[in-house]
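>>> okay, sequence plus prediction incoming.
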Amino acid sequence: MLKSAFRAGLVIVAGVMANPVFAADPTADTVVATVDGKEITLGHMIAMREALPEQYLQLDDQTLFNGILDQIIQQQTLAEASEAHIRQRDTLMMDNQRRSYLAGVSLDAAADAAVTDDALQALYKTKYSEKDLGTEYHASHILVETEEEAKAIKAEIEGGADFAAVAKEKSTGPSGPNGGDLGWFGLGMMVKPFEDAVVAMVPGQISDPVQTQFGWHIIDLIETRSAKAPAFEEAREELAGELRQSAVEQLVKDLTAAADVVKSVDGIDPAILKDATLIDK
């Protein structure tokens, strides 16, 4: 319980601690405590605060300051107690954690650097201003389990029955209570057989039964329109995400290609990773 508390978040210890007094303006290197001669700095405290879950950040500044300092002091004493009996497992875990953290630093730096106003504008232009955005479709459908049911429903509609009323009564799809209305959608948003059927239709047409993994559909194509680009500000977050992802992928590709990587795994059974006893030394 204690170990999980130290790893998961802050342990607030009851008590009162005097407000800290510094001789000069504090910096990240300002020493706030020593434990057996090892310094704890204000930078250590700030870094811990940055990693805390949101729930702890609701505490008042004094309580949080005291809690973080006590936490680091306690962690330092426990860390010192462990130094004499660190196992291979512990060393390997720390190696992996350090490697993962530093990799994240590189990725974050590349991603942040990629998102500039010029890059956002250029991507917006490429994605939305310089190409045909295609067609959007407004359709309704009635979904049933069998082709026979679908054929009977089409005949019913061709005989004058109201599509929306039939959908409310007989469609098994989630849009049934709404008269089968699917709203507007573009290419790639529907499963392929459904999309192919819609693309081949004209507004006002009722389709023959169309089979997908969900069952059998009767489709009513209500109307179509040319897709419009979102406003730049509406697309900003999406564009930034694409730039960040692209930068991350490119960095990984470039650095991996430039590194002298030699794999020596011939003859190793992949199942050996399940044998945790190898690192329990």
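Good, I have the coordinates.
>>> okay, CA-based contacts and neighbour counts for the rest of this
Will do.
>>> report the buried residues of stretch 64-74.
64-73 (16 or more other C-alpha atoms under 10 Å).
>>> what bits of the chain have low per-residue confidence?
Along the chain, segments meeting pLDDT under 70 span 1-23, 130, 281.
>>> how about 50 then?
Applying pLDDT under 50 to the chain flags residues 1-6, 8, 13-16, 18.
>>> domain map for it?
Domain segmentation of the chain under automatic domain parsing yields 2-85, 88-132+231-252, 134-226.
>>> the second one spans what distance, first to last residue?
In terms of C-alpha to C-alpha, to the nearest Å, the two terminal residues of domain 88-132+231-252 are separated by 29 Å.
>>> from the chain's centroid, how far away is it?
Mean C-alpha position of domain 88-132+231-252 versus that of the full chain (C-alpha atoms, centre = their mean, to the nearest Å) differs by 12 Å.
>>> over to the last one?
The chain centroid and the centroid of domain 134-226 are separated by 33 Å, computed with C-alpha atoms, centre = their mean.
>>> Gln71 is in what secondary structure piece?
helix 61-83 (DSSP states H and E).
>>> what is the next helix-or-strand element following that helix packed up against?
Moving toward the C-terminus from helix 61-83, the next helix or strand (DSSP H and E) is helix 88-114. Helix 88-114 sits against helix 232-258, with contacts defined as 3 or more C-alpha pairs under 8 Å, 6 or more residues apart in numbering; DSSP states H and E.
>>> what's the angle between the helix it packs on and helix 88-114?
130 degrees (axes from the mean of the first three to the mean of the last three C-alpha atoms, to 10 degrees).
>>> before we move on, the earlier item: which helices and strands sit right next to the helix holding Gln71?
Against helix 61-83 (3+ C-alpha pairs under 8 Å, 6+ apart) you get strand 31-35, helix 42-50.
>>> now render the ones you listed as a markdown table, adding distance to Asp90 and mean neighbour count.
Formatted as a markdown table, the helices and strands packed on helix 61-83 follow (distance: least, C-alpha to C-alpha, whole Å; neighbours: other C-alpha atoms under 10 Å):
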| stretch | distance to Asp90 | mean neighbour count |
| --- | --- | --- |
| strand 31-35 | 22 | 15 |
| helix 42-50 | 21 | 15 |
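>>> closest to Lys154 out of the ones you listed?
helix 42-50 (61.1 Å; C-alpha to C-alpha).
>>> report the distance from the closest one to the chain centre.
Using C-alpha atoms, centre = their mean, the offset of helix 42-50 from its chain centre is 26 Å.
>>> can I get the CA coordinates of it in PDB?
The C-alpha atoms that make up helix 42-50 are tabulated as PDB, following Å, rounded to 0.1, in the frame of the first residue of the first chain:
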ATOM      1  CA  LEU A  42      13.400  23.600  -5.500                       C
ATOM      2  CA  GLY A  43      13.800  22.200  -9.100                       C
ATOM      3  CA  HIS A  44      13.100  18.700  -7.800                       C
ATOM      4  CA  MET A  45       9.900  19.900  -6.100                       C
ATOM      5  CA  ILE A  46       8.700  21.700  -9.200                       C
ATOM      6  CA  ALA A  47       9.400  18.600 -11.300                       C
ATOM      7  CA  MET A  48       7.400  16.500  -8.900                       C
ATOM      8  CA  ARG A  49       4.500  19.000  -9.000                       C
ATOM      9  CA  GLU A  50       4.500  18.900 -12.800                       C
END
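>>> which strands or helices does it pack on?
helix 61-83.
>>> got the angle between the helix it packs on and helix 42-50?
Orientation note: helix 61-83 sits at an angle of 100 degrees relative to helix 42-50 (the same axes, to 10 degrees).
>>> looking at this structure, which residue lies furthest from center?
Centroid-distance maximum for the chain: Gly159 at 49.2 Å, with C-alpha atoms, centre = their mean.
>>> many thanks, we can stop here.
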